[in-house]
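1. My questions are about this predicted structure, shown below with the sequence.
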Amino acid sequence: MKSSRVGFPNINAYISMLMIGIKDELAYKFDFIISLFFRFINVLFMILIWSAIYLGTGVASIRGLSLPDMYVYFFITYALRGVVNMQLPDVIGSDIQEGSIATAYIRPLRYPIQAYMRGAADDIMTMLFVTAPFFAIAVLLAHVTLTLGTALLLLFEILLGYVLANLIGFLLGITAVKLINIGSLEAVTESALLLLGGGIVPLNMMPHIVQQILYLSPFAIMLYIPAATFLGTVGQSIIVTNILASLAWIALLTFVAFIAWDKARRQITSAGG
Amino acid sequence: MVEITLIDSIKYYLINQEYAWKSFFAYRTESLLWLFYSAFTGIFSFITITVIYNVSSGFPGWNYYQMLILSSTIVMVIDAIEYNVNSWDVIRSMRRGMLDMQMVRPYGLATIMISTQSRAKTLISGFATGLAIFAYAALKLHLSLAYIITFLGIVAIGTYAFMMFWLMLTVLSYHLFKSGMFMDGLINTLSVVGSYPLSVFGTIIMLLFSILVPIGIAVYYPAELVFGKINIVFSLAIILFSLAIAFVSYKLFYVLMRNYTSGGG
């Protein structure tokens, strides 16, 4: 008998998984509010820190960024952190660790899509309650009217960042087949993303050679490039270079993900229950 | 009735540490990656401060190496506190009832919680990274050994006081929220705030982190003393305040634990 896994997926079942995931997320409303509160507080502290630096230095702009630009930059990067928030390693890692991969695997659904749908529930909630409000604050602070072209470019960059984050997340997730517990790997990757993506300091403040390398990495598109595009503080050549590099990374990581999943799925063993 | 001495409590703490370290290294790859991750915190601070001082004059009244001392000390202090009182683990053990079986042992409640419920062993690499950055900055500043010992002595008193405060706040957080999310968010915020001079945040926030959530006693004020920004009388007042915080927190901890009910089993 031909498995329904082979044909195009049962779309209703995947949507149901997404809905269950959203309900699950809503069950922890209080934790979500606390996390949102601290995210907001941390942006305010970053703003105060940079205000002290600008006032102490006595300059209107540092590397092309004025103090108000820095406010907007941090609100945007905190908004984008909600988009590139990797859920797949958590979902796949806990499935393998708890043994629930066994039940997930016997469903007539493709496991990678199941895992993505469950992670997407968290993505949707974070985008609604973190990305959207933080972005709205940035728009209010920036007093800019985005042209249609810039808005579309921004959306494209954010989409590229989201796809890259999920591909990296998927590859991290399937390392759990070998490593079982991947919490540490996940934490290392998230920290690297934050530093190399411009979540701590804008990338144009890094030494020139480091900037050139980072513009070719998959991380810049996740935070810095969209934020700088919004502010209009990055040259077109850098945007084009980074978009092309990101597309190349997507192609490469997709290829690696297919190969890696094909190998990993043959080695899956349920670790517990 | 068994009489428990301070030596017994220390032995109990050390036995639990030995057990926790052995469990930690049972997953070698995982533990090495966690050690690597933990070292990131100090490296992050180092990179951030370096970039800031590369592109600007930095913070008024604080030079690059003084800022490295401040940011590396907060890494060590936070890691030392979390090593002993990992709020997330403590609250989880209270919620799941895992703490209950430990409570029948004849040691003080604070000793039991510090000894058994925190397994954040990876923080040792974060502490080591902080110490390395601290040593580098102290060398560059030509700080004398006497200054370093004085500084670390006051930091140790402040850290002990803040650890007691943190233990009390963890139990309070369990009573209020039954979740470790608040404490987790707060410790992340403290890592950010403590890495910079409290004065940059304005008077209200400075007072908030000096009195209400007194992380300043462990890092900022000792640094101000060593760099000659406050006088010896003020620093003595800080030490007395730290001891008062430790005492009040310890008492409040026991009051809160009297009303503890396990969340499950």
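-> Now that the structure is in, tell me what you want to look at. Numbering: from 1, shown residues only, chains lettered A, B, ... in the order given.
2. Hmm, A:Ala52 and B:Phe59 touching each other?
-> Yes - at 5.6 Å, B:Phe59 and A:Ala52 qualify as touching, with contact defined as C-beta atoms under 8 Å. C-betas here are computed from N, CA, C, even on glycine.
3. Spell out which residues are contacts of both of those two.
-> B:Tyr196, B:Val200 (C-beta atoms under 8 Å, 6 or more residues apart in numbering or on different chains).
4. which one of the two has more residues nearby?
-> B:Phe59 (24 against 20; other C-beta atoms under 10 Å in any protein chain shown).
5. Spit out the contact partners of that one.
-> Contacts of B:Phe59 were listed using C-beta under 8 Å, 6+ apart, and they are A:Ala52, A:Ile53, A:Gly56, B:Met67, B:Tyr196, B:Pro197, B:Val200.
6. isn't there a strand covering it?
-> No - B:Phe59 is assigned coil when assessed by DSSP: H, G, I helix; E, B strand; the rest coil, not a strand.
7. Which residues are in contact with whatever residue of the stretch 1-150 of chain B ends up closest to chain A?
-> Using C-beta to the nearest C-beta, the closest approach of the stretch 1-150 of chain B to chain A is made by B:Leu33 at 3.6 Å. Contact analysis of B:Leu33 by C-beta under 8 Å, 6+ apart lists A:Ser184, A:Leu185, A:Val188.
8. How about stretch B:250-265, which residues are buried there?
-> B:Tyr250, B:Leu252, B:Phe253, B:Leu256, B:Met257, B:Gly263 (16 or more other C-beta atoms under 10 Å in any protein chain shown).
9. In terms of pLDDT, where does B:Ser93 sit?
-> We have a pLDDT of 85 for B:Ser93.
10. pretty sure it is touching B:Met101, no?
-> No - B:Ser93 lies out of contact with B:Met101 (C-beta under 8 Å); the separation is 9.9 Å.
11. Neighbour count: the two, which is higher?
-> Higher neighbour count among B:Ser93 and B:Met101: B:Ser93, with 22 against 12, using other C-beta under 10 Å.
12. could you measure the more buried one against B:Arg28, distance?
-> 25 Å (C-beta to C-beta, to the nearest Å).
13. so, in contact with chain A or not, stretch B:129-146?
-> No - using C-beta under 8 Å from any C-beta of the partner chain, stretch B:129-146 stays clear of chain A, coming no nearer than 12.9 Å.
14. That stretch: how far from the chain's middle?
-> 20 Å (C-alpha atoms, centre = their mean, to the nearest Å).
15. Going by neighbour count, which residues of stretch B:89-105 are buried?
-> Neighbour-count burial for stretch B:89-105 flags B:Asp89, B:Val90, B:Ile91, B:Arg92, B:Ser93, B:Met94, B:Arg95, B:Met98, B:Leu99, B:Asp100, B:Gln102 (criterion: 16+ other C-beta under 10 Å).
16. Turn those residues into a markdown table, including distance to A:Gln267 and secondary structure.
-> Below are those laid out as a markdown table (distance: C-beta to C-beta, whole Å; DSSP: H, G, I helix; E, B strand; the rest coil):
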| residue | distance to A:Gln267 | secondary structure |
| --- | --- | --- |
| B:Asp89 | 32 | helix |
| B:Val90 | 37 | helix |
| B:Ile91 | 36 | helix |
| B:Arg92 | 31 | helix |
| B:Ser93 | 34 | helix |
| B:Met94 | 38 | helix |
| B:Arg95 | 35 | helix |
| B:Met98 | 33 | helix |
| B:Leu99 | 38 | helix |
| B:Asp100 | 40 | helix |
| B:Gln102 | 39 | helix |
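17. Go through the residues you listed and say which is closest to A:Tyr215.
-> B:Asp89 (40.2 Å; C-beta to C-beta).
18. Per-residue pLDDT of the closest one, please?
-> For B:Asp89, the predicted pLDDT is 85.
19. Let me know the distance separating it from A:Ile101.
-> 26 Å.
20. Quickly find the element holding the most centrally placed residue in chain B.
-> Nearest to the mean C-alpha position of chain B, counting by C-alpha atoms, centre = their mean, stands B:Ile81 at 2.8 Å. Assigned by DSSP states H and E, B:Ile81 belongs to helix B:64-84.
21. Could you pull out the strands in chain B for me?
-> In chain B, no strands are found when defined by DSSP state E.
22. List the buried residues of the helix ranked longest in chain B.
-> Ordering each helix of chain B by length in residues (DSSP state H) puts helix B:145-177 first. Buried residues in helix B:145-177, counted by 16+ other C-beta under 10 Å: B:148, B:150-152, B:154-155, B:157-171, B:173-174.
23. now swap in stretch A:202-210 and tell me
-> By 16+ other C-beta under 10 Å, the buried positions in stretch A:202-210 come out as A:Pro202, A:Leu203, A:Asn204, A:Met205, A:Met206.
24. if you look at these, which of them are in helices?
-> Per DSSP H, these never map to helices.
25. got a markdown table for the residues you listed, with pLDDT too?
-> Shown next, in a markdown table, are the buried residues of stretch A:202-210 (pLDDT from 0 to 100):
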| residue | pLDDT |
| --- | --- |
| A:Pro202 | 93 |
| A:Leu203 | 94 |
| A:Asn204 | 92 |
| A:Met205 | 92 |
| A:Met206 | 92 |
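26. Closest one to chain B out of the residues you listed, please.
-> If you rank those by distance to chain B using C-beta to the nearest C-beta, A:Met205 comes first, at 4.9 Å.
27. hang on, the closest one packs against B:Val51?
-> Yes - A:Met205 lies in contact with B:Val51 (C-beta under 8 Å); the separation is 5.3 Å.
28. Chain A contacts on the stretch 151-265 of chain B?
-> So the stretch 151-265 of chain B meets chain A at B:177, B:179, B:181-182, B:185-186, B:188-189, B:192-193, B:196, B:200-202, B:205 (C-beta under 8 Å from any C-beta).
29. so where is the stretch 51-200 of chain B shaky, pLDDT-wise?
-> For the stretch 51-200 of chain B, residues meeting the criterion pLDDT under 70 lie at B:117-122.
30. how about a cut-off of 80?
-> B:116-123 (pLDDT under 80).
31. Same question for the stretch 151-273 of chain A.
-> A:179-181, A:184, A:267-273.
32. and if we set it to 90?
-> A:174-192, A:194-195, A:199-200, A:232-233, A:235, A:261-273 (pLDDT under 90).
33. Next up, phi/psi of residue 85, please.
-> Using chain A. Per-residue torsions, A:Asn85: phi -70, psi 100 (degrees, to the nearest 10).
34. ah, I was thinking of chain B
-> According to degrees, to the nearest 10, B:Val85 has phi -130, psi 90.
35. Tell me how many other residues surround it.
-> Counted with other C-beta under 10 Å, B:Val85 comes out at 26.
36. Next, the contact list for whichever residue of the stretch 101-250 of chain A sits closest to chain B, please.
-> For the stretch 101-250 of chain A and chain B, the shortest gap (C-beta to the nearest C-beta) falls at A:Ser184, measuring 3.6 Å. Taking C-beta under 8 Å, 6+ apart, we find A:Ser184 in contact with B:Glu30, B:Ser31, B:Leu33, B:Trp34, B:Phe36, B:Tyr37, B:Thr122.
37. Give me the pLDDT for the nearest residue to it once chain neighbours are set aside.
-> Closest residue to A:Ser184 apart from its sequence neighbours, by C-beta to C-beta, 6 or more residues apart in numbering or on different chains: B:Leu33 at 3.6 Å. With respect to pLDDT, B:Leu33 scores 80.
38. Likewise for B:Ile49?
-> 93.
39. Show the contacting residues for it.
-> B:Gly58, B:Tyr64, B:Met67, B:Leu68, B:Ser71, B:Ser195.
40. Among those, which one is most surrounded by other residues?
-> B:Ser71 (26 neighbours).
41. That one reaches B:Phe44, doesn't it?
-> No - applying C-beta under 8 Å, one finds B:Ser71 not in contact with B:Phe44, separated by 9.2 Å.
42. Mind listing what's buried along stretch A:213-220?
-> Here stretch A:213-220 shows A:Leu214, A:Tyr215, A:Ser217, A:Pro218, A:Phe219, A:Ala220 as buried, counting by 16+ other C-beta under 10 Å.
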